[in-house]
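Student: sequence-free structure coming up:
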């Protein structure tokens, strides 16, 4: 059985929709909220078949760092505590050192913060 990005979405608990989906290269990251928890997963998507896998190679490091910047940015806008602040700093540091603007990823500044 092939696993696709749609299959990943279908494994989320009933009624839970991703609050963010980001990509860098062939890598994808889902972020979702479930009750009082934020969670995420990262996978590689085959551009020809749409199949996914969760193993990564040395060439993926920059893309993983870019995705982590976006995921940290989503969490920083969702969590209302010191961890949220720390993740905001991490997102800024990663995006600055990789030479891209984290705000170009279209994350809503109106994301509801969780306590």
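Tutor: Cool, got the structure. Since the model is a prediction, treat every value here as computed from it, not as a measurement.
Student: Run through the residues that contact residue 102.
Tutor: Residues in contact with residue 102 (Cβ atoms under 8 Å, 6 or more residues apart in numbering) are 69, 70, 73, 91, 92, 95. Heads up, the C-betas are built off the backbone N, CA and C, glycines and all.
Student: Point me to the helix or strand that includes the nearest residue to the third one once chain neighbours are set aside.
Tutor: For residue 73, the nearest residue in space outside its immediate sequence neighbours is residue 91; the separation is 3.9 Å by Cβ to Cβ, 6 or more residues apart in numbering. For residue 91, the host element (DSSP states H and E) is helix 82-98.
Student: That helix - what's its average pLDDT?
Tutor: For helix 82-98, mean pLDDT is 86.
Student: With stretch 43-56 instead?
Tutor: For stretch 43-56, mean pLDDT is 83.
Student: Give me the buried stretch members for it, please.
Tutor: 43, 44, 45, 52 (16 or more other Cβ atoms under 10 Å).
Student: Tell me the gap between it and the middle of its chain.
Tutor: Relative to its parent chain, stretch 43-56 has a centroid offset of 15 Å by Cα atoms, centre = their mean, to the nearest Å.
Student: Then stretch 26-44?
Tutor: 5 Å.
Student: Any idea how far apart the tips of that stretch sit?
Tutor: One end of stretch 26-44 to the other measures 6 Å (Cα to Cα, to the nearest Å).
Student: Quick check: buried residues in that stretch?
Tutor: Buried residues in stretch 26-44, counted by 16+ other Cβ under 10 Å: 27-33, 38, 40-44.
Student: Nearest to residue 82 among the residues you listed?
Tutor: Closest approach to residue 82 among those (Cβ to Cβ): residue 38, at 14.8 Å.
Student: wait, isn't that closest one in contact with residue 79?
Tutor: Yes. Assessed by Cβ atoms under 8 Å, residue 38 is found in contact with residue 79 at 6.6 Å.
Student: Three-state assignment for residue 75, please.
Tutor: helix (DSSP: H, G, I helix; E, B strand; the rest coil).
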